[in-house]
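Any chance you could fold what I've pasted below:
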Amino acid sequence: PEYSGSSGVDTDNGVPQTFKAGFYLDQKLWKGGKVRVNYSYADNKITTLGNSRSQFNLTDTTYFTDVTSDKEEHYKQHSVGIKFSQQLDSSSRIEFEPKLTVNQSKQSSLSRTDFRAFNDSLSRYTTIENASLADGLSMNTTLRYYKDFKKKNRKLLARYNMVADNNSSDGSLLTEDIDAATQALTSSFDQKKENRYKSLSQTGYLNYVEPIGKKYKLEFDYEFFDNHNDQRKTTFEPINGNYTFVDSTFSNQFSTDRQQHRVGAFGIFENSKARISVGARVRNIGIDNRNIFTDSLINQGLTNVLPRVILTFKFTQSSRLRIQYNTNSSLPSVTQLQPVRDNSNPNFVQIGNSDLKPNYMHTITANYNMWKGLSGFYVYAGMYYSRQKDAFSTSTVYNAFGGTESQAINVDHADYGSVWGGTGIPIEKVKDLRLDINVNGNFSATENYINLEQNLSRNLGVGSGADLNYNGDSLMLGIGVSFDYNAPSNTLSTF
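Have a look, this model is predicted:
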């Protein structure tokens, strides 16, 4: 294989300018009814200057890239939400909660990338100028119905949710790739780009709890999910100064239809010291991925069993332990699926993959907490472990000029884990002074492909920190120190 590893140093500097405003109203109406209105406005601007150096270690050579960049970003957002609730009778109520969000953004960037040999001589350089204007509209509406029956702990929840998104952006791309020795132009792009995205999702959910005696319950739920989204990317190149020619290499229209049925059943034991929930969900999902440019259709269908176990132990009023095992499955995004080249940075081209499958995750978490309210002393500890089957990853190919082309793929599995803990110790001789100590560790084991060769990446990290904090009535002070260490490795690395 040609690839053996890479490393880099990044330096970005920018001062954001942020303005936020809004109001909040909570008003009772007639008997049993109330309304809550929330409006917010945000305006964010930032200009960022960046410098970075990366080293790429290949089996036959080593090269560097130096990147300088200047980027301007401006974001505006209006968001208004209303929550109306009405008590129907002593045992039931309804809630209606719509939320509307309007986004606008303007971005422009100019960057230069120098490709340097191992002796630091310049071999080629590229300039990339991007600009875009984007508008987005999102509507999220939820309707809920709660019912408490006469029998104690018998409950029903019904929920309907609808999410609609409509986003568009128009942009431009100007690039030049220059041979440093001859100053000859080896390649260039002069393009206008249109991106259009629409999505409509609807979710219906039912949850019913049936008590059996004083300590046992049965819980059942059902969810129906339906989603349609359409993403069109069109790239135009100039003919006689007019951007009318559609470049099919960088253009595509892709739609996805997903329909899911999920049903679950759980047994619950609960007393004053413990709560144990054991059960599983069965999920069936059908996916149609349609490439409208090529008029091709890929059908995917699968059925998953998703077990779940939750254990909660309450040792005292101020200490408890929670352990949870659950499974889940995530779908690839439209961007990951759409088989079109993204050349917004021609040095690092990305391609979607319409053959991606959903992943399947096993996750175990545990958390312990103990605190003493009067003294302020506390202890906490926890752990997390996740194994992802058919995990999402990338396949990257390096060309002879130092550029890359990456595509989303599924790999056999990926593993992630972490542990953490800490304590807060009050300093008895000084009121409101406390020493906070924390420790943590993490590991990851992932897989990707470099120049069609499998690369297994591992990372082991540990860290610790200590802070001395004073929290008085009118004064807060703190000083601290932290330490972090990471040990990464790659099977294709020669270092």
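
in the stretch 351-495 of the chain, which ranges drop under the pLDDT threshold?
Applying pLDDT under 70 to the stretch 351-495 of the chain flags residues 493-495.

Strands along that one, start to end?
Along the stretch 351-495 of the chain, the stretches classed as strands by DSSP state E, counting those that start in this stretch are 360-371, 378-398, 404-426, 433-450, 453-471, 476-490.

Turn these into a markdown table, columns for distance to Lys198 and mean neighbour count.
For glycine as for every other residue, the C-beta is placed from the backbone atoms N, C-alpha and C. Listed next are these as a markdown table, based on distance: least, CB to CB, whole Å; neighbours: other CB atoms under 10 Å:
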| stretch | distance to Lys198 | mean neighbour count |
| --- | --- | --- |
| strand 360-371 | 29 | 16 |
| strand 378-398 | 24 | 18 |
| strand 404-426 | 22 | 17 |
| strand 433-450 | 32 | 17 |
| strand 453-471 | 37 | 15 |
| strand 476-490 | 40 | 11 |
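
Return the distance of the host helix or strand of Asp135 from the chain's centre.
Element membership for Asp135 (DSSP states H and E) is strand 122-148. What separates the centre of strand 122-148 from the centre of its chain is 12 Å, taken as CA atoms, centre = their mean, to the nearest Å.

For Thr47, give me its contacts.
14-15, 70-73 (CB atoms under 8 Å, 6 or more residues apart in numbering).

Which strand residues bridge Leu156?
For Leu156, the beta-bridge partners under DSSP bridges are Lys147, Tyr208.

Now, the contacts of Thr47 that are in strands?
14, 70-73 (DSSP state E).

Now list the buried members of those.
71, 73 (16 or more other CB atoms under 10 Å).

Throw the ones in strands among the contacts of Thr47 into CSV and include pLDDT and distance to Lys372, thanks.
Listed next are the ones in strands among the contacts of Thr47 as CSV, based on pLDDT from 0 to 100; distance: CB to CB, whole Å:
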residue, pLDDT, distance to Lys372
Gly14, 70, 44
Asp70, 94, 53
Lys71, 94, 49
Glu72, 95, 51
Glu73, 95, 47
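
just to revisit the earlier point, I'd like a version of the strands of the stretch 351-495 of the chain in JSON lines, one that adds distance to Arg144 as further columns.
Listed next are these as JSON lines, based on distance: least, CB to CB, whole Å:
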{"stretch": "strand 360-371", "distance to Arg144": "27"}
{"stretch": "strand 378-398", "distance to Arg144": "30"}
{"stretch": "strand 404-426", "distance to Arg144": "34"}
{"stretch": "strand 433-450", "distance to Arg144": "38"}
{"stretch": "strand 453-471", "distance to Arg144": "39"}
{"stretch": "strand 476-490", "distance to Arg144": "40"}
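
And those: which comes nearest Asp170?
strand 404-426 (25.2 Å; CB to CB).

angle of the closest one against strand 360-371?
Orientation note: strand 404-426 sits at an angle of 20 degrees relative to strand 360-371 (axes from the mean of the first three to the mean of the last three CA atoms, to 10 degrees).

Point out the other elements, helices or strands, that strand 404-426 touches.
Counting contacts by 3 or more CB pairs under 8 Å, 6 or more residues apart in numbering; DSSP states H and E, strand 404-426 packs against strand 348-351, strand 378-398, strand 433-450.

That strand pairs with which strands?
strand 348-351 (parallel), strand 378-398 (antiparallel), strand 433-450 (antiparallel).

and Thr249, that one's in a strand?
No - read with DSSP: H, G, I helix; E, B strand; the rest coil, Thr249 is helix and lies in no strand.

for the contacts of Thr47, which one is nearest Ala181?
Among the contacts of Thr47, Asp70 lies closest to Ala181 (CB to CB), at 26.7 Å.

Just give the closest residue to that closest one, not the sequence neighbours.
Spatial nearest neighbour of Asp70, excluding adjacent residues (CB to CB, 6 or more residues apart in numbering): Leu110 at 5.1 Å.

Distance of that neighbour relative to Glu72?
Per CB to CB, to the nearest Å, Leu110 is found 9 Å from Glu72.

Over to Ser248?
31 Å.

cool, and Tyr416?
Applying CB to CB to Tyr416 and Glu72 gives a distance of 36 Å.

ok, now Lys45?
The value you get for Lys45 to Glu72, if CB to CB is used, is 8 Å.

list the buried ones in the helix or strand containing Asp165?
Per DSSP H and E: Asp165 is located in strand 155-179. For strand 155-179, the neighbour count (16+ other CB under 10 Å) marks 155, 159, 161, 163, 165, 167, 169, 171-173, 175-178 as buried.

Just give me the residue closest to the centre of the chain.
Centroid-nearest residue in the chain, with CA atoms, centre = their mean: Ser333, separated by 10.8 Å.

State the pLDDT value of that residue.
You'll see Ser333 listed with a pLDDT of 82.

Distance to Gly480 added to the strands paired with strand 404-426, as a markdown table?
Shown next, in a markdown table, are those (distance: least, CB to CB, whole Å):
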| stretch | distance to Gly480 |
| --- | --- |
| strand 348-351 | 37 |
| strand 378-398 | 17 |
| strand 433-450 | 8 |
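
Please, where are all the strands along the stretch 1-150 of the chain?
3-14, 17-28, 33-58, 62-89, 92-116, 122-148.

Okay, and the beta partners of the nearest residue to Asp412 once chain neighbours are set aside?
With CB to CB, 6+ apart as the criterion, Asp412 has its nearest non-adjacent residue at 6.6 Å, and that residue is Glu447. Counting by DSSP bridges, Glu447 is bridged to Leu456.

So Gln388 is in contact with Val411, correct?
No - at 9.0 Å, Gln388 does not count as touching Val411 under the criterion of CB atoms under 8 Å.

Setting aside sequence neighbours, what's the nearest residue to Gly22?
Excluding its sequence neighbours, the residue lying closest to Gly22 (CB to CB, 6+ apart) is Ser40, at 3.6 Å.

and the one you found, what is it in contact with?
20-22, 77-80.

Generate a ChimeraX selection restricted to the buried entries among those residues.
This is the ChimeraX syntax for the buried subset of these, where burial follows 16+ other CB under 10 Å:
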select :77,79
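
Now for the contacts of Ser40: which two are most distant?
Among the contacts of Ser40, Lys20 and Val80 lie farthest apart (CB to CB), at 14.5 Å.

any idea of the mean pLDDT for the helix or strand harbouring Ser188?
Here Ser188 sits within strand 185-212, counting by DSSP H and E. Averaged across strand 185-212, the pLDDT comes to 96.

What helices and strands are in contact with it?
Checking 3+ CB pairs under 8 Å, 6+ apart, strand 185-212 ends up next to strand 155-179, strand 216-239.
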